[in-house]
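Trainee: quick check, what structure comes out for this input:
(chains A, B, C and D)
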2 protein chains.
Amino acid sequence: MRALTPKGAATRQRIVEGAAKLIRDHGPANVGLDDIRAATATSKSQLFHYFPDGKADMLLAVAAHEAELVLDEQQPYLGDLTSWAQWEAWRDRVIARYAAQRRRCPLSALTAQLGLADPAVEGIITGMYSRWQAQIAAGVRAVRPDADAERVATQLIGAITGGATMLVATDDIRYLEIGLTEAIENLRRGAPGAGSSLR
Amino acid sequence: MRALTPKGAATRQRIVEGAAKLIRDHGPANVGLDDIRAATATSKSQLFHYFPDGKADMLLAVAAHEAELVLDEQQPYLGDLTSWAQWEAWRDRVIARYAAQRRRCPLSALTAQLGLADPAVEGIITGMYSRWQAQIAAGVRAVRPDADAERVATQLIGAITGGATMLVATDDIRYLEIGLTEAIENLRRGAPGAGSSLR
DNA sequence: GGCAGTTTGGACCGCACAGTCCAATCCATG
DNA sequence: CATGGATTGGACTGTGCGGTCCAAACTGCC
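Mentor: Here you go, the predicted model:
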C-alpha cells in the first residue's frame, strides 16, 4: 500500500467506486465483500491487499469518497454565493440533488454502519461539514456583510441536514424545500444573528 | 402472543425495556440476542416466543417504544404551546434533552439498522412525526393565527431533526440551539408562509 | 386433581461472511 | 534476462449469532 503502481491505484479506485455504487443501491448492511468482489471483478486478496484492515477500512474510503461528492455536486454555486441569483441556483441544485436521490443517502447509511465513535469516521464528517459551512459563510458575507455569517451558515447546514434526514425518514422532500427556502428568505429579509433580538 | 397473560405481558415489557437500554448504550449493531437475554434474565425461547419474527420484530417494538419517549419527554409543553413563554420552555426542554443525550440517538440508530424500506418502521417514524407536527401546528395557530401553521411546523420539525442529526454527527449542540431558536424567532417576528414573499 | 394453554430453559443447528494463506503472474529496473 | 516487489486468483477457515426444537415447569379452569 505504501508503494502503489498506477495499475494498483486504478484497481483501488475501481473497488471504491464499485463498492460505493453497490452501497448506494442496497445499503451497507446488505453488501458483503463477495458482492463487491463480483461487482468490481477483483479477488478476495485484492480487497485485503488494498484495504489491509478489512471491510471497515474499505467503508471508510467509500465514506470519504461520498463526502467529496456531496460538496462537488453543489459546485460551482456553493463556491460562488455572491449574488442572490447564485443563492437561488444553489438552493435549487441542492433540492434537485436530494430529490433525485430520495431515500438513498449513502453517507448517513455509511456513518450509521461504521459508528461515529471511530475518530476516522468523525474526521471525515466534521471535515466535510466544516468545509461546507465555510463556503456558505463566505457567501453570507458577500451578500449580507452585516449578518453573523457563522451563525447563519450553521442554521443553513442544520436546515439542509434536517431536510435530508426527513427525506430519508419520510420520503418527503418538503422539509428540505421549506427549511432551506425559509432560511434563505430569512437571511434575505434581514440580518439574523447580528442585530437579532434573541439571546 | 394472541393470548397473553399478565405475567407474559410483564416479561415482554421487560425485554423491550432491557433491550432499549442496551441499545441506547451500545448501539443496535453491537447488541446481540444473547446480550439481551443476559440483561433481561430470559431465555432464547422467550425472546422468540414474544417476538416470533425474531430480532427485527423485537427491534421494531423497541423503536416504537423509543418513539413514544421522544414525544413524551416534550410534555407538557409540546401539548400546550399557547404562549411565547410555553414556546420558550418547550425549546429549552428539547435542547436540554438532546444535550443530555448527546450522540446517543436510539431512534436514528435503530431505524438505520432496520432500514426504512420496511413499512412497519416507516409507519412508526411517520406516525411520530405527524403527531409531533400536529401539536406544533396547533401551537402556531394559538400564537400566530395569521401564519401558515403547517409550513411553520414543517420548518420547525426540520430544524430540530437537523440539529439532532448534526449533534450525532459532530457532538455539537449549537446546530440545534441556533436552528430552533432562529425558527421560533422568525415566527415571532412575523408570519412566515402566509404573507411571505417567497414562492 | 387433571387438562389445555402459556411460559420457560437451554442445548443445538446452520450459515453467512469477514478474514487468512499461498501460489501464480505481472512488471519495472538494472 | 534475471530479480524483487507489486498484483492477482481463489480455495479454505473460523465463528459469531440468529434461529430452531423439545421437554419441563408453571397457571388457570372445570
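Trainee: kindly report the residues of chain A close to DNA strand C.
Mentor: Proximity of chain A to DNA strand C, by CB under 7 Å from any atom of the strand, involves residues A:5, A:7, A:30, A:32-34, A:44-45, A:48, A:54-56. Using the backbone N, CA and C atoms, a C-beta is placed for each residue, glycine as well.
Trainee: dump whichever helix or strand residue A:183 is part of to CSV, keeping only the CA atoms.
Mentor: Using DSSP states H and E, residue A:183 maps to helix A:174-189. The C-alpha coordinates for helix A:174-189 follow below in CSV (Å, rounded to 0.1, in the frame of the first residue of the first chain):
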residue,chain,number,x,y,z
ARG,A,174,-40.9,19.3,1.5
TYR,A,175,-38.9,19.5,4.7
LEU,A,176,-35.8,20.4,2.7
GLU,A,177,-37.6,22.7,0.4
ILE,A,178,-39.3,24.6,3.2
GLY,A,179,-36.4,24.6,5.6
LEU,A,180,-33.9,25.8,3.1
THR,A,181,-36.2,28.3,1.4
GLU,A,182,-37.2,29.9,4.7
ALA,A,183,-33.7,30.1,6.0
ILE,A,184,-32.5,31.9,2.8
GLU,A,185,-35.5,34.1,2.8
ASN,A,186,-34.9,34.9,6.4
LEU,A,187,-31.4,36.0,5.5
ARG,A,188,-32.6,38.0,2.6
ARG,A,189,-35.2,39.9,4.7
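Trainee: domain map for chain A?
Mentor: A:6-60, A:62-189 (automatic domain parsing).
Trainee: by proximity to DNA strand C, which residue of chain A wins?
Mentor: residue A:54 (2.3 Å; CB to the nearest atom of the strand).
Trainee: okay, that residue and residue A:21: tell me how far apart.
Mentor: Residue A:54 sits at a distance of 20 Å from residue A:21 (criterion: CB to CB, to the nearest Å).
Trainee: compare the two (neighbour count), which wins?
Mentor: residue A:21 (16 against 11; other CB atoms under 10 Å in any protein chain shown).
Trainee: ok, now which ones touch that one?
Mentor: For residue A:21, the contacting residues are residue A:39, by CB atoms under 8 Å, 6 or more residues apart in numbering or on different chains.
Trainee: contacting residues for the residue positioned nearest the centre of chain A?
Mentor: Nearest residue to the geometric centre of chain A (CA atoms, centre = their mean): residue A:70, 3.7 Å. Contact analysis of residue A:70 by CB under 8 Å, 6+ apart lists A:107, A:128, A:132.
Trainee: for the nearest residue to the first one once chain neighbours are set aside, the count of nearby residues, please.
Mentor: The shortest distance from residue A:107 to any residue that is not its chain neighbour, by CB to CB, 6 or more residues apart in numbering or on different chains, is 4.9 Å, and that residue is residue A:66. Residue A:66 is flanked by 22 other residues according to other CB under 10 Å.
Trainee: could you check how far the helix or strand hosting residue A:66 is from the centre of its chain?
Mentor: Element membership of residue A:66, judged by DSSP H and E, is helix A:55-72. Relative to its chain's centre, helix A:55-72 lies at 9 Å (CA atoms, centre = their mean, to the nearest Å).
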